[in-house]
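1. any chance you can model this:
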Amino acid sequence: MTALTEFASMYRERETLSLRTRLLFTFGAVAALHVAAVVLLLAGSAGAAQPLALGLVITAYVAGIKHSYDWDHIAAIDNSTRKFVAQHKDPVSVGFAFSLGHSSVVILAGLLVVAGATLIGQFMEDGTTGNKILGLIGSGVSGLFLLTMGLFNGSAFVRATQAYRNVQAGGEVRPEDLEAKGFVARLLAKPLSKVERPRNIYVIGFLFGLGFDTATTIGLLVITTTASLAGVSPLALMALPLAFTAAMTLCDSANGVAMMKMYKSAIHNPQRKLGFNAVITGISAVSALFISVITLGGFINAAFGLEDPLTTWLGEIDLGDAGLILVGLFVLVWAVSAWRGRGVRAGS
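-> Numbers count the residues shown, from 1 in each chain. Predicted coordinates:
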């Protein structure tokens, strides 16, 4: 009991903990999810069913890795991280909170399927009323959130660009010149007032997941396994959504921490990193706005049953692995900035 009390006290004071300690907590939680998936697999696998259960868990794990690089994941985590860093916070758990919220839908669906709830099938089957309602909730929330974050960071991009031009003309830049201010920032202050801590992103991630894009992958896998393989126990079946969650939280947590370090290097050293800050902020803002237009276009088309060519086309766009392109773009910009920085130091 004493240990639990100390842990609860530490959680309440987590923002006063060192960055290293908070990183250990975040990735410790990711490791715990991996251990839980392995324990469920071992506890539920026996005899001839064990190789098959292991194969299914590996499939679920790979699916989690792949889904973590969806463009909406990358855009939501990167833009949220940029907002928190601009507020002089160290958001080490943004990626973890978002992916945990997103994958909570998967775990919940898996629990219902294993428990024999037939209702969940109605929500996952394309074309049903339940599936359409949840899809509209998921796409509506994700589209509006990305639109809001894109506009907010877009205002920061405009200020960073103005500061960069000022420095090029011989002026000086202050750290506050890189913050999102002005009409757009004031307009979005109230909608973003509830997103003040990385843990608030958990709710955003959960609502993103209600579209059942991730739950369909695992849910159908669980349903198929349950129907055709009587030898696989419920414990082994629950290892599937946990493996998916473990993979997604690992990749999204790593992405969030990498982006935090990238943005901090840009914002906390504005003189040397001014152009870098403007570029990565612009990429984040444009990616968020781009995805929000596609998502909201599909939302409007589905909600109102439209048949016009524009929203129909937006609703049918499949970005696939485009999130990897965004990650690669950030890495390229960071590498070029680091290379140029070394060149400047060598020449001075």
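
2. how many residues are close by the closest residue to residue 255 other than its chain neighbours?
-> The spatially closest residue to residue 255, leaving aside those adjacent along the chain, is residue 95, at 5.2 Å (CB to CB, 6 or more residues apart in numbering). Where C-beta positions appear, they are placed from N, C-alpha and C, glycine not excepted. Residue 95 has 35 neighbours, counted by other CB atoms under 10 Å.

3. so how many other residues sit close to residue 292?
-> 23.

4. tell me the contacts of it?
-> Residue 292 makes contact with 142, 143, 144, 146, 147, 150, according to CB atoms under 8 Å, 6 or more residues apart in numbering.

5. please repeat the previous calculation with a cut-off of 10 Å.
-> 72, 75, 142-151, 299 (CB atoms under 10 Å, 6 or more residues apart in numbering).

6. can you check residue 291 too?
-> 70-72, 74-76, 79, 142-143, 146-147, 150, 317, 319, 322-323, 326.

7. try 6 Å this time
-> Each residue near residue 291 by CB atoms under 6 Å, 6 or more residues apart in numbering is listed here: 71, 72, 75, 146.

8. list the buried ones in the host helix or strand of residue 284?
-> Here residue 284, judged by DSSP states H and E, is contained in helix 270-304. Across helix 270-304, burial judged by 16 or more other CB atoms under 10 Å covers 270, 273-302.

9. equivalent analysis for stretch 149-163, please.
-> 149-161, 163.

10. tell me the one of those nearest residue 114?
-> residue 149 (35.6 Å; CB to CB).

11. now that closest one. Nearest residue, chain neighbours left out?
-> Closest to residue 149 by CB to CB, 6+ apart is residue 79, at 3.8 Å.

12. next secondary structure after the strand or helix carrying that neighbour?
-> Assigned by DSSP H and E, residue 79 falls within helix 71-86. Once the chain leaves helix 71-86, the next helix or strand it forms, by DSSP H and E, is helix 94-114.

13. got the CA positions of that following helix in CSV?
-> The C-alpha coordinates for helix 94-114 follow below in CSV (Å, rounded to 0.1, in the frame of the first residue of the first chain):
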residue,chain,number,x,y,z
VAL,A,94,2.4,12.9,-26.2
GLY,A,95,3.1,10.0,-28.6
PHE,A,96,2.4,7.4,-25.8
ALA,A,97,-0.8,9.0,-24.7
PHE,A,98,-2.2,9.4,-28.2
SER,A,99,-1.4,5.8,-29.3
LEU,A,100,-2.7,4.4,-26.0
GLY,A,101,-6.0,6.2,-26.4
HIS,A,102,-6.2,5.1,-30.1
SER,A,103,-5.4,1.5,-29.2
SER,A,104,-7.8,1.4,-26.3
VAL,A,105,-10.5,1.1,-28.9
VAL,A,106,-8.7,-2.0,-30.2
ILE,A,107,-8.4,-3.5,-26.7
LEU,A,108,-12.0,-2.8,-25.9
ALA,A,109,-13.1,-4.4,-29.2
GLY,A,110,-11.0,-7.4,-28.5
LEU,A,111,-12.4,-7.9,-25.0
LEU,A,112,-15.9,-7.7,-26.3
VAL,A,113,-15.2,-10.2,-29.1
VAL,A,114,-13.5,-12.7,-26.8
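
14. just checking, what packs against that helix?
-> helix 71-86, helix 119-124, helix 201-209, helix 213-228, helix 234-267 (3 or more CB pairs under 6 Å, 6 or more residues apart in numbering; DSSP states H and E).

15. for the record, mean pLDDT for it?
-> Throughout helix 94-114, pLDDT has a mean value of 86.

16. quick one, the top helix by length along the chain and helix 94-114 angle?
-> The residue-count maximum for a helix in the chain (DSSP state H) belongs to helix 129-168. If you take axes from the mean of the first three to the mean of the last three CA atoms, to 10 degrees, helix 129-168 sits at 170 degrees to helix 94-114.

17. before we move on, what SS does residue 318 have?
-> Here residue 318 is recorded as coil under DSSP: H, G, I helix; E, B strand; the rest coil.

18. how many neighbouring residues does it have?
-> 6.
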